[in-house]
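>>> predicted model follows, preceded by the sequence.
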Amino acid sequence: PREKQVPLVPVSVLQVIRLSRLPRRALSRSLVRLTRAWIKSEQAETMPSLLRSATSCLLVVLAACSASAKRDLLATATTTTTTRPPPAKSKSAVTTTPTTTKNNTTRKNVVMDIPSNNSPVVPNGEEFDAPLTLTPEGFKSEYVMINPEVRDPKNGKPDFKIVAVHLVHVPGTNTYLYMERPSGGTRNIAATMNMDTMVWTPVTTPDGLFCCGHTVLADGQVVVVGGHQYNAGWAYGMKSIRLFNPRQNATLLNKTAEMSFARWYPTPTLLASGKVLIMGGTQGVGAGSPRNYKYEIFDPEKPFQMPMPQFDIDPTYMKVVKQNYYPFNFVMPTGHIFNFCGRNGRILDAEKGAYLSAVVPFRPGYAHGQFPYTGTGAMLALDPANNYTQMEVMLFGGNNEQATVKGNENMIAGRWSHRMRITWDATGRTYQFSGWAEEDMFIPRVMGDVVNLPNGDLILMNGAMRGLAGDAGNGGDSRANRPSLWAQLYQPEKPKDSRYTTLDASQVARLYHSVAALTINGTILVSGCDRCWKLHSAVPSFVVSPIRFEYRNEIFYPPYWYDHDNKPKIVAINGDNSTDSILQLDFNEQFTITWTGFTDANPNVPVTGVTLVAPSSVTHSFNANQRVVILPKVDIDLATKTARMLTPPNPYIAPPQMYMMFLLNGKVYGPGRWVHLVDKRGVAKTGPNGVLLNPQYCLAAWTLQAAALGGVRCCSRAGLAAASRYSGPHQRVVQQQQWRQLAGIWFGADVISTFQPLPLAPAPAASHSCVL
């Protein structure tokens, strides 16, 4: 209640409440800075958590202030609050002069400061009236328009186009599966686009695909689940399970089964076992539809199974997230699922239907992430430096819950990201959370997309500065406005508040139903938006879409792509130099990779690391299959341009599927090559069993070096037999007393006396094995 908050709120906030009754207008830059400084001041730090949550919504109130009210507020607040000093202006600050608009009124252009990290302090939702060079010298990035050839395969005449509402990178290829809503204006709602030939191929579908979920399977197929109600002649598809197998029939989505529950806006997630978790969505179109209180497990080895196994979703989680639209689900290095939606999350053992007691911290701050306040999110690269015991999750932008209140439809989007580190404590068998660390993105963004680069950096793009996701009440226009045209680079290893760099601006508005996906050469395919006309932006590059449906495609070139002389290029993997073949690799397997320079100018370019990147499966601002894994090094010989590496220790680190392999030279990476990670020993079949031990706690036949390199992770007693068959590079055997100690940690003191490692006999390739 407000009367209970009065004694704790500084005078400036009371003044804001009074002034908020005045007519709504856009926020000034000075007021934004003032408010954020107040929220981060010492007064805010000591406030109760409930009041801090209310205070973080101040921008909602401030959006109603008039220009005169802002001046009054500024005069009052600067004398009653403790604020941090404003950032110093750089030499590259841009100032502009007043301009006269068509109605002969004078409007002052925005004065932009470029901080030292070259990211503009963009006024929330305001426009730019003057060209602004954002990218620092020598740090080029670029959007380039591409025009796939649109031909009817029967007669060769110009044919259909597809809006990329849904986009899947078909594993092992340079081809992308596009899917759209039935109202897209064509007779096809699915097609593939080959990036090599730039040719479309229509794909037949049995029913409506709009608002479905999708991911890839371990064997390279694509699975598409749920979808739309009967519409525009397309059959009801909300319960459908469909498979796309391009190696058998590249023109057909084949329906194999139905789920027990209809799903609109579901998220499918490829698990370590090769099965697929299907969660979320409503049983009808829109928020008033019945919710789905259960998730289902699809087994590709039983594609016709009905009903599929199903489990209850945590009721306390469902009570808070409500619709559970497109939940952000990530496979953790333990095999558990990080399940997050809006502001809330849980940790789940999916195949057992068990939730862990650990509760993911509540996302604080201005922005909510679930539709229609849609934000985006990603998991940072998994690193063997910490034995893969840590993962970090990031959430970007979105809008505030008050944006759905009548009169707030054009509300400013959030310009903050949140990052959290999650660590598995094997001894205590629990998770430790760092809490969400907030950082200014400088640009408001709702409905954004984020793409993981092979080097661990992220590219943030697409979306709008104002409004919400979805269709407007008139049934055809966007609920958002002011497109966020600038791409941004996020560098995780940099100090806080210096990680964002603003890059090139797109020509095209990418709002509702837009996508972005990494390509095999390390660029980004950008497409989609089916409610992107009648928009305005003063950014010079912007070109308004002439029709409602956005068919234009772009390629975004990140800064690292241009450093051709320092790019390494893969020559061969395990001696295989064919670019047409896809090499199969097991988990915890050593392999050899040779390279050369991308150009003749520098054939001796060094290599510092190797990463795997999963193919994209993106819709509605979430990439359900995005994953980057840094591989453990054995050794890298620069003289012979040969690297010996290890694949990930187990399928929990990298679920079995096809991955793009990239070589790194620092942050620079060359073109990728496909490999296929296959769980040949079936280690993941038993599931995580609640916990997953660190490599040093496993009872497989490791040496100290093997453990240091990541080793094999045992997930259950049953998994020990399989784990004992793993072999790898090593120099000396762990001593018997160490094995006894590890056995006590895993099984308890009562079994230490029964554990006796047998003598190790030499095996081929200098490897060893033992039995329990």
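All right, it came through fine.
>>> tell me where the stretch 101-250 of the chain has strands.
Remark: strands assigned in the stretch 101-250 of the chain by DSSP state E, counting those that start in this stretch are 106-107, 142-146, 166-169, 175-179, 190-194, 199-202, 213-216, 222-225, 240-244.
>>> those strands into TSV, with extra columns for distance to residue 642, mean pLDDT and mean neighbour count?
Yep, even glycine has a C-beta here, placed from its N, CA and C like the rest. TSV is the format used below for those (distance: least, CB to CB, whole Å; pLDDT from 0 to 100; neighbours: other CB atoms under 10 Å):
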stretch	distance to residue 642	mean pLDDT	mean neighbour count
strand 106-107	63	27	10
strand 142-146	34	90	16
strand 166-169	29	98	27
strand 175-179	32	97	25
strand 190-194	33	94	22
strand 199-202	38	89	18
strand 213-216	31	98	27
strand 222-225	35	98	24
strand 240-244	38	98	24
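>>> tabulate these in CSV, adding columns for distance to residue 327.
Formatted as CSV, those follow (distance: least, CB to CB, whole Å):
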stretch, distance to residue 327
strand 106-107, 43
strand 142-146, 30
strand 166-169, 17
strand 175-179, 20
strand 190-194, 24
strand 199-202, 31
strand 213-216, 10
strand 222-225, 14
strand 240-244, 19
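>>> and these: which comes nearest residue 288?
Closest approach to residue 288 among the strands of the stretch 101-250 of the chain (CB to CB): strand 213-216, 20.5 Å.
>>> what pairs with that closest one, parallel or antiparallel?
Its sheet considered, strand 213-216 pairs with strand 222-225 (antiparallel) by DSSP bridges.
>>> then the partner strand to PDB, C-alphas only?
Extracted in PDB, the C-alpha atoms of strand 222-225 (Å, rounded to 0.1, in the frame of the first residue of the first chain):
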ATOM      1  CA  VAL A 222      14.100 -31.900 -37.600                       C
ATOM      2  CA  VAL A 223      11.100 -32.400 -35.300                       C
ATOM      3  CA  VAL A 224       8.200 -29.900 -35.400                       C
ATOM      4  CA  VAL A 225       5.600 -30.000 -32.600                       C
END
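>>> the residue nearest to residue 526 when sequence neighbours are not counted: neighbouring residues, count only.
Distance criterion CB to CB, 6 or more residues apart in numbering; nearest residue to residue 526, sequence neighbours excluded, is residue 554 at 4.4 Å. Per other CB atoms under 10 Å, the neighbour tally for residue 554 reads 21.
>>> rewinding a little: looking at the strands of the stretch 101-250 of the chain, which is closest to residue 658?
Proximity to residue 658, assessed across the strands of the stretch 101-250 of the chain by CB to CB, is greatest for strand 213-216 (7.6 Å).
>>> quick one: contacts for residue 143?
Listed by CB atoms under 8 Å, 6 or more residues apart in numbering, the contact set of residue 143 reads 487, 504-508, 526, 541, 554-557.
>>> switch the cut-off to 10 Å
By CB atoms under 10 Å, 6 or more residues apart in numbering, residue 143 lies in contact with 461, 485, 487, 503-508, 524, 526, 541, 554-557.
>>> skipping adjacent residues, who's closest to residue 435 in space?
Excluding its sequence neighbours, the residue lying closest to residue 435 (CB to CB, 6+ apart) is residue 361, at 5.5 Å.
>>> residue 309 now?
Distances taken as CB to CB, 6+ apart place residue 297 nearest to residue 309, at 4.5 Å, with adjacent residues excluded.
>>> repeat for residue 521
Residue 521 sits nearest to residue 671 (CB to CB, 6+ apart), 4.5 Å away.
>>> what about the helices in the chain?
Taking DSSP state H as the test, the helices found in the chain are 2-5, 11-19, 29-39, 42-45, 49-55, 58-62, 67-77, 315-321, 704-708, 718-723, 736-747.
>>> between the ones you listed, which gets the lowest average pLDDT?
Ranked by mean pLDDT, these end with helix 704-708 at the bottom, a mean of 30.
>>> pLDDT weak spots in this protein?
Within the chain, the segments meeting pLDDT under 70 span 1-139, 149-160, 183-186, 473-476, 683-772.
>>> I'd say residue 481 and residue 535 touch.
Yes: contact criterion CB atoms under 10 Å: residue 481 and residue 535 qualify, at 6.3 Å.
>>> joint contacts of these two?
In terms of CB under 10 Å, 6+ apart, residue 481 and residue 535 are both contacted by the residues 464, 509, 511.
>>> show me the contacts for the last one.
The reference is to residue 511. Counting by CB under 10 Å, 6+ apart, residue 511 makes contact with 446-448, 462-464, 467, 469, 478-484, 528-532, 535, 550.
>>> and what of the second one?
If a contact means CB under 10 Å, 6+ apart, then residue 509 has 462-464, 478, 480-485, 529, 531-533, 535-537, 539, 542-545, 550 as its contacts.
>>> and those residues, which are buried?
Buried subset of the contacts of residue 509 (neighbour count, 16 or more other CB atoms under 10 Å): 462-464, 478, 480-485, 529, 531-533, 535, 537, 539, 542, 545, 550.
>>> residues contacting stretch 577-584, please?
Residues outside stretch 577-584 that contact it (CB under 10 Å, 6+ apart) are 171-173, 220, 570-576, 591, 594, 658-659, 661, 671, 673-678, 680.
>>> what do you get if the cut-off is 6 Å, keeping everything else the same?
For stretch 577-584, the surrounding residues in contact (CB atoms under 6 Å, 6 or more residues apart in numbering) are 172, 571, 573, 576, 674-676, 678.
>>> in TSV: those, plus neighbour count.
As requested, the contacts of stretch 577-584 are exported to TSV (neighbours: other CB atoms under 10 Å):
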residue	neighbour count
172	21
571	14
573	22
576	12
674	21
675	22
676	17
678	19
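>>> tabulate those residues in TSV, adding columns for distance to residue 269.
Compiled in TSV, the contacts of stretch 577-584 are given as follows (distance: CB to CB, whole Å):
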residue	distance to residue 269
172	20
571	35
573	28
576	31
674	22
675	21
676	20
678	19
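>>> what helices or strands is the lengthiest strand in the chain leaning on?
When the chain is parsed with DSSP state E, its longest strand is strand 416-425. Strand 416-425 is packed against strand 390-396, strand 430-433, strand 437-440, with contacts defined by 3 or more CB pairs under 6 Å, 6 or more residues apart in numbering; DSSP states H and E.
>>> and the angle from that strand to strand 390-396?
Following axes from the mean of the first three to the mean of the last three CA atoms, to 10 degrees, one obtains 160 degrees for the angle between strand 416-425 and strand 390-396.
>>> may I see the buried residues of strand 416-425?
Across strand 416-425, burial judged by 16+ other CB under 10 Å covers 416-420, 422, 424.
>>> paired strands for that strand, with orientation please.
Paired strands of strand 416-425, with direction, are strand 390-396 (antiparallel), strand 430-433 (antiparallel), strand 437-440 (antiparallel) (DSSP bridges).
>>> and those, which is most packed in?
strand 390-396 (a mean of 22; mean count of other CB atoms under 10 Å).
>>> who touches that one?
Defining contact as CB under 6 Å, 6+ apart, one finds that strand 390-396 is touched by 332-333, 369, 375-380, 417-423, 448, 450, 460.
>>> repeat that for stretch 526-534.
Stretch 526-534 is contacted by residues 163-164, 477-478, 509-516, 545, 548-550, 553-554, 556 when judged by CB under 6 Å, 6+ apart.
>>> residue 547 versus residue 294, what's the distance?
Residue 294 sits 41 Å away from residue 547, going by CB to CB, to the nearest Å.
>>> these two: which has the busier surroundings?
Taking other CB under 10 Å, residue 294 and residue 547 do not tie; residue 294 has more neighbours (16 against 10).
>>> so who does the closest residue to the more buried one other than its chain neighbours touch?
In space, and not counting its chain neighbours, residue 294 is closest to residue 310: 4.7 Å by CB to CB, 6+ apart. Applying CB under 6 Å, 6+ apart, we find residue 310 in contact with 260, 294, 296.
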